[in-house]
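S.K.: Give the three-dimensional model of this entry:
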Amino acid sequence: MIYTSLISLHKDVRDDLAAIRESDPAAHAKIAALIRQLRADSALAEKLLDHGFGDDRREDFSVNKWLGVWKEGKDLWRLKSWDMEYQDMKYRLIYLYLRKEARFVVMAIVDRKSFNYDDDQDPIRKRIYASLRHTYSIE
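M.R.: Sure thing, here's the model as predicted:
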């Protein structure tokens, strides 16, 4: 299968980036650079659907399905940058893959310390679910 390198940001992500720019300008710069790199390098798009890619830390980043919700039929994934991890910038890009359109949408950029993947009541999780329903009709 051929994947496009089309990566967009959900409108909610603008607020995430603004908050990160305010609280951690260095992390904001690294996240912006990472997004530019992902958009520019079509070979990386293929890796965004490779569960476990980079887990051995030999790559620049790690990709995993958000298994709990992926099993519910929501094609959500997370990416973490090893360079940022080493600098104690533990941000995650949570993204959706829209198979019919062969494109990725970053749904949230979160500090790992303030996000609980397994908590149904986590505000970020609730926001992502609401956006999936309202923007993409994904229940």
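
S.K.: Name the next helix or strand downstream of the helix or strand bottoming out on mean pLDDT in the chain, please.
M.R.: When the helices and strands of the chain are compared on mean pLDDT, DSSP states H and E, helix 42-47 comes out lowest with a mean of 85. Sequence order places strand 61-65 as the next helix or strand after helix 42-47, per DSSP states H and E.

S.K.: Pairing partners for that next one, with directions?
M.R.: Sheet pairing of strand 61-65 (DSSP bridges) gives strand 76-81 (antiparallel).

S.K.: now stretch 87-96, how far from the centre of its chain.
M.R.: 7 Å (C-alpha atoms, centre = their mean, to the nearest Å).

S.K.: Likewise for stretch 111-130?
M.R.: 13 Å.

S.K.: ditto for stretch 76-92
M.R.: With C-alpha atoms, centre = their mean, you get 10 Å for stretch 76-92.

S.K.: Likewise for stretch 85-97?
M.R.: Counting by C-alpha atoms, centre = their mean, stretch 85-97 comes out at 7 Å from the chain centroid.
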